[in-house]
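S.K.: Would you be able to build a 3D model of this:
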Amino acid sequence: QVPRAPSQPLASSESRRFTNKHSKKALKASLTLGILLGMFFVAWLPFFVTNVAQAVCDCVPDGFFDVLTWLGYCNSTMNPIIYPLFMRDFKRAMGKFLPCCRRSAEPRPSAISLSMRNSNSGPRAATSLKNVL
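M.R.: As a prediction, this is how the structure comes out:
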């Protein structure tokens with residue numbers, strides 16, 4: 001038998017933890033995608049099937065067709081509700097840009113600080129007009 005080095009069990013436990021973390025994220029992403037696609041098909045598939053039937057036999061009542069159209073529209077209103085429920089990043093982005101969703105302890109960054117952050121130019125040493133010209 002070969003003795004094990006003390007770092008091997010640690011590496012395997014870290015590997016398992018890393019795998020479990022990514023497995024949970026993948027499972028959550030799959031669940032979110034499944035819910036979104038499922039709702040899309042439940043809402044829009046009857047509309048498209050009825051639309052084809054209407055083109056072939058002209059046998060679908062106008063009121064029923066309108067109900068199916070509005071069912072599809074309702075699906076579009078559900079997406080902004082589903083995304084924040086299942087996606088933390090989406091929830092954070094909504095909180096940053098919508099005043100109604102922002103926490104009081106989280107101030108909105110000013111345009112100057114955003115400009116400085118995006119331009120990759122941090123605070124500079126004192127620069128005079130002579131040095132620039």
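
S.K.: going forward, measure contacts and count neighbours with C-alpha atoms only.
M.R.: Fine.

S.K.: If you average pLDDT per helix and strand, which one of this protein comes out bottom?
M.R.: helix 129-132 (a mean of 52; mean pLDDT, DSSP states H and E).

S.K.: Mind giving me the packing neighbours of the helix ranked longest in the chain?
M.R.: Ranked by residue count, the top helix of the chain under DSSP state H comes out as helix 7-57. Using 3 or more CA pairs under 8 Å, 6 or more residues apart in numbering; DSSP states H and E, the elements in contact with helix 7-57 are helix 62-86.

S.K.: The helix or strand that the helix it packs on is followed by versus helix 62-86: what angle between them?
M.R.: Where DSSP states H and E defines the elements, the next helix or strand beyond helix 62-86 is helix 88-97. Going by axes from the mean of the first three to the mean of the last three CA atoms, to 10 degrees, helix 88-97 is angled at 90 degrees with respect to helix 62-86.

S.K.: What mean pLDDT does helix 88-97 get?
M.R.: For helix 88-97, mean pLDDT rounds to 80.

S.K.: Mind giving me the packing neighbours of that helix?
M.R.: helix 62-86.

S.K.: same for the helix it packs on, what does it pack against?
M.R.: Using 3+ CA pairs under 8 Å, 6+ apart: helix 62-86 touches helix 7-57, helix 88-97.

S.K.: buried ones in it?
M.R.: 65, 68, 69, 71, 72, 75, 83, 86 (16 or more other CA atoms under 10 Å).

S.K.: measure the second one to residue 76 for me?
M.R.: Distance of residue 68 to residue 76, computed by CA to CA, to the nearest Å: 13 Å.

S.K.: and what of residue 41?
M.R.: 12 Å.

S.K.: Please apply the same query to residue 45.
M.R.: 14 Å.

S.K.: Residue 26 too?
M.R.: Computed as CA to CA, the residue 26 to residue 76 distance reads 25 Å.

S.K.: repeat for residue 67
M.R.: 15 Å.
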